[in-house]
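> predicted model and sequence below, questions to follow.
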Amino acid sequence: MEQTYLAAENLLRYVVEFSTLLLEFFGICILVYTGVKSFIYWIKKNDAIRLELAQGIALALEFKLGGEVLRTVVVREWAELGILGAIITLRAALTFLIHWEIKNEEKALEK
């Protein structure tokens with residue numbers, strides 16, 4: 001029975017680590033794509049550059065935050081959980097501030 005438990009635990013750890021890496025990778029891809037697209041907008045002097053960049057950063061942060069939340073599944077020590085909690089709090093605060101910036105930028109573009 002203990003062998004089955006250890007096998008299941010190893011499988012869970014593998015799935016969580018792979019999924020976390022996948023979510024982190026998606027976040028990075030979105031951020032790079034948004035950066036390139038915003039650079040092109042900057043060259044063309046498009047007024048929507050700030051809005052596009054903020055939306056891309058917010059989406060990338062959501063994926064990165066999802067990866068951090070998933071990582072909490074396999075945490076074994078309180079110190080690790082504290083560090084993950086701090087990272088999650090910071091990323092959530094950044095996401096909140098970016099969404100606030102998006103709302104302000106959308107209002108500015110409407111004028």
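Structure received.
> which strand or helix spans the residue nearest to L53 when sequence neighbours are not counted?
Spatial nearest neighbour of L53, chain neighbours left out: S38 (4.3 Å); criterion: Cβ to Cβ, 6 or more residues apart in numbering. Yep, even glycine has a C-beta here, placed from its N, CA and C like the rest. Following DSSP states H and E, one finds S38 within helix 2-44.
> check which helices and strands that helix sits against.
Packing contacts for helix 2-44, counted by 3 or more Cβ pairs under 8 Å, 6 or more residues apart in numbering; DSSP states H and E, involve helix 49-71.
> can you name the element that comes right after the helix it packs on?
helix 78-110.
> helix 49-71 and that next one, what's the angle between them?
Inter-element angle recorded for helix 78-110 and helix 49-71: 160 degrees (by axes from the mean of the first three to the mean of the last three Cα atoms, to 10 degrees).
> what average pLDDT does helix 78-110 get?
Mean pLDDT, helix 78-110: 89.
> buried ones in that helix?
88, 91, 95, 98, 101-102, 105 (16 or more other Cβ atoms under 10 Å).
> just put those in TSV and tack on distance to Y14.
Formatted as TSV, the buried residues of helix 78-110 follow (distance: Cβ to Cβ, whole Å):
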residue	distance to Y14
I88	22
R91	24
T95	28
I98	33
E101	38
I102	37
E105	41
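> of all these, which comes closest to E24?
Taking Cβ to Cβ as the measure, E24 lies nearest R91 of the buried residues of helix 78-110, at 11.8 Å.
> wait, the closest one sits on G67?
No - counting by Cβ atoms under 8 Å, R91 sits too far from G67 to count as a contact (9.7 Å).
> got the contact list for L61?
27, 91, 94-95, 98 (Cβ atoms under 8 Å, 6 or more residues apart in numbering).
> point to the residue nearest the middle of the chain.
K64 (2.2 Å; Cα atoms, centre = their mean).
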